[in-house]
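Novice: Predicted model and sequence below, questions to follow.
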Amino acid sequence: MKASENDPFAMFTTPPAGETAAEKGTRERREVEEKRISDRIDEELKADKAALKKQKAIVKVLLLGQSESGKSTTLKNFRMKYAREAWKAERLSWRAVVQLNLIRSIITIVETLQAEIDGDPIRLLPAPRPEALTYAQQKNQNTSPTRQSIDSEYLDLELDSYNFAPIQLSEKHHLLKRRLGPLRRIEADLKRRLGAGTEEAVGVGGGVLDEDLPVGRSREFGVRGWKHVLDGPLAALNGNTGIDRAQGGADDAATEVIAECRQDMRALWTDATVQEVLKRRRMRLEDSPGFFLNDLERIATRHYEPTDDDVVRCRLRTLGIQEYKIEFDQSNSLLGSVGLNGNFGQEWNIYDVGGARTQRNAWLPYFEGVNAIIFLAPISCFDERLHEDPNVNRLEDSFLLWRAICTSKILSKSTIILFLNKCDILRKKIKSGVQVNMFLPSYGDRPNDAVTVLKYLKEKFKDVLRQQSPEPRVSYYYATSVTDTKATATTLKTVRDSILREHLKNADFV
């Protein structure tokens with residue numbers, strides 16, 4: 001028996017009978033090409049396998065929440081603590097953003113005074129409907145809401161407008177308005193110098209997560225992302241491109257005008273009549289992001305340089321998706337304590353996505369492969385309305401968005417972390433006499449203090465996760481004020497280790 005008869009592959013390797021020299025040459029060239037293609041495919045598969053292994057080692061974190069919930073501030077805290085060198089390099093570039101925030105506050109006051117002069121109606125948040133039951137009544141009657149809402153009274157309330165006799169402003173106030181007029185030109189100049197990354201954002205639609213709803217219009221200056229602006233126009237504007245710092249500050253027209261207007265800005269902000277107008281028109285500027293009027297003496301100077309806290313507190317609305325890579329030092333993390341070598345879990349990709357209703361459709365492509373979600377719910381906003389839709393309570397919107405995230409099957413494997421944020425503002429509001437049950441009827445007759453409110457809302461969020469999650473999942477809850485950089489640094493260390501621990505479990509390392 002011939003050897004070829006025992007070889008099942010002989011038919012593929014034995015030359016055809018009667019093969020001519022020309023046919024042999026053609027066949028051999030074809031075999032060489034086929035081997036080249038096969039080797040290339042093998043290399044591509046090997047590279048794909050290595051890339052997949054590396055991808056599995058990377059921790060992917062999403063920062064989610066409505067607009068002004070604290071997502072970007074949380075990302076700043078992450079970068080300040082764990083990407084210190086890059087943070088220090090770009091800190092000076094935030095000077096123009098702080099100045100823009102300062103000017104925006106002054107212009108808001110001036111526009112509010114003009115509304116008072118013109119006798120514009122005052123739009124007030126309503127009290128709850130008379131038939132709203134107290135907590136005790138709900139327990140006795142075993143009442144349950146008929147709609148899928150956290151508080152069934154929220155969205156049935158109407159916004160009302162009231163006409164009051166305007167507060168009389170003196171010639172002093174009119175003079176201050178005129179003297180502060182140049183700040184409008186400086187505001188426009190700062191926006192222009194931010195470059196192509198800027199636009200006026202207008203709320204025109206978008207539902208809780210992916211449905212379309214008619215909403216009101218809201219204008220706010222915003223940029224597509226920090227990186228483009230900080231590394232480009234702001235770096236040039238603030239002297240981060242090799243220009244002498246003192247010379248750059250002295251020649252900056254915006255800084256010069258702001259310094260010249262410092263006394264007038266202080267006189268406007270501290271005026272008792274102005275404060276009365278702001279209070280009556282429910283303008284609590286001190287609770288809004290990017291508020292610096294109490295720091296005028298330090299910021300409205302010719303040689304102002306931002307501090308870490310200034311950068312964390314300042315407001316620059318982001319309209320696109322921001323992706324930041326952070327590499328952790330293994331020796332100072334859970335990775336080092338378990339003796340894990342290599343780069344597993346060392347590199348993090350953190351995504352900060354725009355939270356306005358019009359931008360939530362853009363979240364969906366980033367849901368796949370997420371290791372953890374940090375969801376920010378600003379619990380101080382129980383008496384506020386969405387900028388995009390003044391008919392929707394902000395706390396209600398946070399609950400509905402939280403439910404949508406908890407329900408998502410794509411995210412069912414992700415660790416979920418809830419930041420009950422802006423606890424500092426919640427405490428101030430309650431201390432000022434605001435009654436939570438006037439805006440959240442289901443709160444009933446519970447004590448009107450921050451600790452009880454926090455506990456109540458935490459249980460509400462936990463109930464939604466238990467009831468709506470497709471499967472049991474790991475979750476963590478933290479009371480936060482992310483503008484408090486020291487406390488937030490401690491929280492982020494705990495959050496980092498918790499996420500890494502779950503990442504290691506899923507990879508069968510622990």
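Specialist: Sure thing, it's come through. Note that the structure is predicted; figures quoted are calculated from it, not measured.
Novice: now the stretch 101-250 of the chain, which segments are flagged as low pLDDT?
Specialist: Along the stretch 101-250 of the chain, the model assigns pLDDT under 70 to residues 123-164, 195-250.
Novice: need the longest helix for the protein.
Specialist: Assignment by DSSP state H gives helix 21-57 as the longest helix of the chain.
Novice: Could I get the average pLDDT for the helix or strand following it?
Specialist: Using DSSP states H and E, the next helix or strand after helix 21-57 towards the C-terminus is strand 59-64. Confidence over strand 59-64 (mean pLDDT, whole number) is 91.
Novice: Against which helices or strands is strand 59-64 packed?
Specialist: Contact here means 3 or more C-beta pairs under 8 Å, 6 or more residues apart in numbering; DSSP states H and E; on that basis strand 59-64 packs against helix 71-82, strand 347-352, strand 372-378, helix 485-506. Just so you know, the C-beta spots here come from the backbone N, C-alpha and C atoms, and that holds for glycine as well.
Novice: quick one: contacts of that strand?
Specialist: For strand 59-64, the surrounding residues in contact (C-beta atoms under 8 Å, 6 or more residues apart in numbering) are 71, 74-75, 345, 347-353, 355, 363, 366-367, 369-376, 401, 405, 499-500, 503.
Novice: Separate out the buried members of the residues you listed.
Specialist: Among the contacts of strand 59-64, those scoring as buried are 71, 74-75, 345, 348-353, 355, 363, 366-367, 370-376, 401, 405, 499-500, 503 (criterion: 16 or more other C-beta atoms under 10 Å).
Novice: How much space separates the residue nearest to residue 268 when sequence neighbours are not counted from residue 426?
Specialist: Ranked by C-beta to C-beta, 6 or more residues apart in numbering and with sequence neighbours excluded, the top spatial neighbour of residue 268 is residue 176, at 5.0 Å. Spatial separation of residue 176 from residue 426 under the definition C-beta to C-beta, to the nearest Å is 33 Å.
Novice: Over to residue 87?
Specialist: For residue 87, the distance to residue 426 equals 28 Å [C-beta to C-beta].
Novice: So between these two, which is more surrounded?
Specialist: residue 426 (25 against 16; other C-beta atoms under 10 Å).
Novice: Verify the contact between the more buried one and residue 380 for me.
Specialist: Yes: with contacts counted by C-beta atoms under 8 Å, residue 426 reaches residue 380, the gap being 4.1 Å.
Novice: Overlap of the contact sets of these two?
Specialist: Among the neighbours of residue 426, none is also in contact with residue 380 (C-beta under 8 Å, 6+ apart).
Novice: And residue 359, what's its pLDDT?
Specialist: Looking at residue 359, its pLDDT stands at 63.
Novice: wait, I meant residue 35
Specialist: The per-residue pLDDT reported for residue 35 equals 84.
Novice: same question, the one 4 residues further on
Specialist: pLDDT, the model's per-residue confidence, is 84 for residue 39.
Novice: Count the neighbours of it for me.
Specialist: Look at residue 39: counted by other C-beta under 10 Å, it has 10 neighbours.
Novice: And the one 5 residues further on, by the same measure?
Specialist: Taking other C-beta under 10 Å as the neighbour definition, residue 44 ends up with a count of 10.
Novice: before we move on, back to that, let's verify the residue nearest to residue 268: helix, strand, or coil?
Specialist: helix (DSSP: H, G, I helix; E, B strand; the rest coil).
Novice: what's the closest non-adjacent residue to the residue nearest the centre of the chain?
Specialist: The geometric centre of the chain, computed from its C-alpha atoms, lies nearest to residue 71 (C-alpha atoms, centre = their mean), at 2.5 Å. Once its chain neighbours are removed from consideration, residue 71 has its nearest residue in residue 63; the separation is 4.3 Å (C-beta to C-beta, 6+ apart).
Novice: measure the one you found to residue 352 for me?
Specialist: Residue 63 is 5 Å from residue 352, by C-beta to C-beta.
Novice: which residues do these two both contact?
Specialist: When contacts are counted by C-beta under 8 Å, 6+ apart, the set common to residue 63 and residue 352 consists of 71, 74-75.
Novice: Check residue 356 and give its pLDDT.
Specialist: Looking at residue 356, its pLDDT is 62.
Novice: nope, residue 440 is what I was after
Specialist: What the model reports as pLDDT for residue 440 is 90.
Novice: So what's the residue count around it?
Specialist: 25.
Novice: and what of residue 115?
Specialist: Applying the criterion other C-beta under 10 Å, we find 16 residues in the vicinity of residue 115.
Novice: between the shared contacts of residue 63 and residue 352, which is closest to residue 23?
Specialist: Using C-beta to C-beta, the shortest approach to residue 23 within the shared contacts of residue 63 and residue 352 belongs to residue 75, at 66.3 Å.
Novice: Next one: that closest one from residue 37, what distance?
Specialist: For residue 75, the distance to residue 37 (C-beta to C-beta) stands at 45 Å.
Novice: how near is the residue lying closest to residue 75 once chain neighbours are set aside to residue 324?
Specialist: For residue 75, the nearest residue in space outside its immediate sequence neighbours is residue 352; the separation is 4.7 Å by C-beta to C-beta, 6+ apart. Separation of residue 352 from residue 324 (C-beta to C-beta): 8 Å.
Novice: okay, and the common contacts of those two?
Specialist: When C-beta under 8 Å, 6+ apart defines a contact, the residues bordering residue 352 and residue 324 alike are residue 75.
Novice: Can you point out the buried residues in the longest helix of the chain?
Specialist: Of the residues in helix 21-57, none is buried under the neighbour-count criterion (16+ other C-beta under 10 Å).
Novice: now for that helix, which elements pack on it?
Specialist: Checking 3+ C-beta pairs under 8 Å, 6+ apart, helix 21-57 ends up next to no helix or strand.
Novice: hey, what's the residue nearest to residue 75 bridged with?
Specialist: residue 63, residue 322 (DSSP bridges).
Novice: quick one on the thing from earlier: how about TSV for the helices and strands packed on strand 59-64, with mean pLDDT added?
Specialist: Shown next, in TSV, are the helices and strands packed on strand 59-64 (pLDDT from 0 to 100):
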stretch	mean pLDDT
helix 71-82	91
strand 347-352	88
strand 372-378	94
helix 485-506	86
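Novice: looking at the ones you listed, which is closest to residue 305?
Specialist: Closest approach to residue 305 among the helices and strands packed on strand 59-64 (C-beta to C-beta): helix 71-82, 15.7 Å.
Novice: nearest spatial neighbour of residue 257, skipping sequence neighbours?
Specialist: Closest residue to residue 257 apart from its sequence neighbours, by C-beta to C-beta, 6+ apart: residue 186 at 5.1 Å.
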